[in-house]
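Student: Need coordinates for the below:
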Amino acid sequence: MNKYEIMFIVKPDVEDDARNTLIEGFKNILTNDNGVVDNVNEWGLRDLAYEIKDYAKGYYVVIDTTTTPANIAEFERLSRINANVLRHLTIRR
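Tutor: Purely as a prediction, here's the structure:
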């Protein structure tokens, strides 16, 4: 088990319920195999430094977690194919 910090940006036009469902789904992936989500920090809607897929704003979410590399790989796989996620970044602490 390693400590990670994950930041991802959700499209600004996603409804609140859909965004919360997306965040909960990612938390469930990270807690498989005795993983722990230490903190979820929703920064909210912010301006992007440059446009991504014609969006000038994005909803930022930061997750601190202690989990396995397999869970991180699954998170990254799903965030790449999810149309509502503009970008993601995972850092091992």
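Student: Helices of the protein, start to end?
Tutor: Counting by DSSP state H, the segments of the chain that form helices are 16-30, 69-81.
Student: right, so of those helices, which gets closest to Phe8?
Tutor: Counting by Cβ to Cβ, Phe8 lies closest to helix 69-81 out of these; the figure is 5.9 Å. The C-beta positions use only the backbone N, C-alpha and C, and glycine is treated the same way.
Student: any idea how far Val85 is from Arg77?
Tutor: Applying Cβ to Cβ, to the nearest Å, the value for Arg77 to Val85 is 12 Å.
Student: the more surrounded of these two?
Tutor: Each of Arg77 and Val85 has its neighbours counted (other Cβ atoms under 10 Å); Val85 has more, 19 against 11.
Student: Make sure the more buried one is actually in contact with Val10.
Tutor: Yes - here Val85 reaches Val10: they are 6.1 Å apart, a contact under Cβ atoms under 8 Å.
Student: who touches both of those two?
Tutor: Leu22 (Cβ atoms under 8 Å, 6 or more residues apart in numbering).
Student: Adding mean pLDDT, write the helices of the chain out as CSV.
Tutor: Formatted as CSV, the helices of the chain follow (pLDDT from 0 to 100):
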stretch, mean pLDDT
helix 16-30, 92
helix 69-81, 93
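Student: Adding distance to Ala56, write the ones you listed out as a markdown table.
Tutor: As requested, those are arranged in a markdown table below (distance: least, Cβ to Cβ, whole Å):
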| stretch | distance to Ala56 |
| --- | --- |
| helix 16-30 | 18 |
| helix 69-81 | 21 |
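Student: Go ahead and confirm Tyr55 touches Pro12.
Tutor: Yes - applying Cβ under 8 Å, one finds Tyr55 in contact with Pro12, separated by 6.2 Å.
Student: Leu22 versus Val85, what's the distance?
Tutor: Taking Cβ to Cβ, one finds Val85 at 8 Å from Leu22.
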